[in-house]
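Starting from these lines, generate the structure:
(one chain, ligands or ions: 3)
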Amino acid sequence: MLQERSRLGYLGRSREDFAPLANEPSAHVARKHLQGEGTTLSGIRYPQAVRHRISLNGEAAMAKEPKKLDALFHDTLKDIYFAEKKILSTLPKMAKAAQSEELKAAFEKHRGETEGQIERLEQVFAIIGEKPRGKTCAAIVVISDEGAEIMEEYKGSPALDAGLLAAAQAVEHYEISRYGTLRAWAEELGLNEAVELLQETLEEEEATDEALTEIAKAAINQRAEAA
Ligand code: FE
Ligand code: FE
Ligand code: FE
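Ligands and ions are numbered 1, 2, ... in the order given. Predicted structure coming up:
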């Protein structure tokens, strides 16, 4: 009965509908379903909105104040903090895989910059009085998976570097979007010191993106000459 009930779906149902479930002996089955567990994409559990609505012990969630811009800023900071750490672990693999010395050097340079970017984020956490903590960023996990797939599938191919460049630029564009947003929100929240830190990183990401474009262009010209 429980499972049947949970299969009916949770959207649009009132919290009271779920309250009796908490007292059922196998309520954890229903809870898992309600929390979206088992729905994975690269091991990510979602949807979060559902997890927020139903508290972990299955009771109806307490009515809360709607979250505001400062909470959104903090959440997005956690997102990019997770992403930067992921990128830090991926860049050495990309440098190792790259065929051209120029691309290798670009990845190594950006690895060093990424360490500094993580430190800046930690400073921003301090500014808002929070501990630096990451929160799984599904986008960066999937973009990284795509990069890993290219490394695997184009190993030894002359097209490998083109694939690595494309993967790296997808990462930079994600970061540019996040830092642009965070910077704007920091301004709105009056966090002037954070604005400067986020702006500095934003400029580094943009410069990296441009450097990658230059490497890609040079490689395209080389291929055209060779052909
Ligand atoms: Fe970065
Ligand atoms: Fe994200
Ligand atoms: Fe970057």
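
Identify the residues contacting the closest residue to Q123 other than its chain neighbours.
Once flanking residues are discounted, Q123 sits nearest to L197: 5.7 Å by C-beta to C-beta, 6 or more residues apart in numbering. Backbone N, C-alpha and C define where each C-beta goes, glycine included. By C-beta atoms under 8 Å, 6 or more residues apart in numbering, the contact set of L197 is R120, L121, Q123, V124.

before we move on, what about T90?
S144, G147.

and if you look at the one 10 residues further on?
Under the criterion of C-beta under 8 Å, 6+ apart, the contact list for S100 reads D161, I215, A219.

go on, G116?
Counted by C-beta under 8 Å, 6+ apart, G116 has contacts E204.

and it, how far is that from V142?
Distance from G116 to V142, counting by C-beta to C-beta, to the nearest Å: 26 Å.

repeat for A105
27 Å.

swap in E196?
31 Å.

I'd assumed N192 was in contact with R183.
No: using C-beta atoms under 8 Å, R183 makes no contact with N192, being 11.2 Å away.

which one of the two has more residues nearby?
Counted by other C-beta atoms under 10 Å, R183 and N192 do not tie: R183 has more neighbours, with 20 against 10.

And the pLDDT for the more buried one?
Looking at R183, its pLDDT is 98.

For it, which non-adjacent residue is spatially closest?
Nearest residue to R183 in three dimensions, chain neighbours excluded: L198, at 4.1 Å (C-beta to C-beta, 6+ apart).

Equivalent analysis for Q169, please.
Closest residue in space to Q169, ignoring its immediate chain neighbours: L212 at 5.3 Å, by C-beta to C-beta, 6+ apart.

ok, that neighbour - contacts?
Contacts of L212 by C-beta under 8 Å, 6+ apart are A106, L165, A168, Q169, E172.
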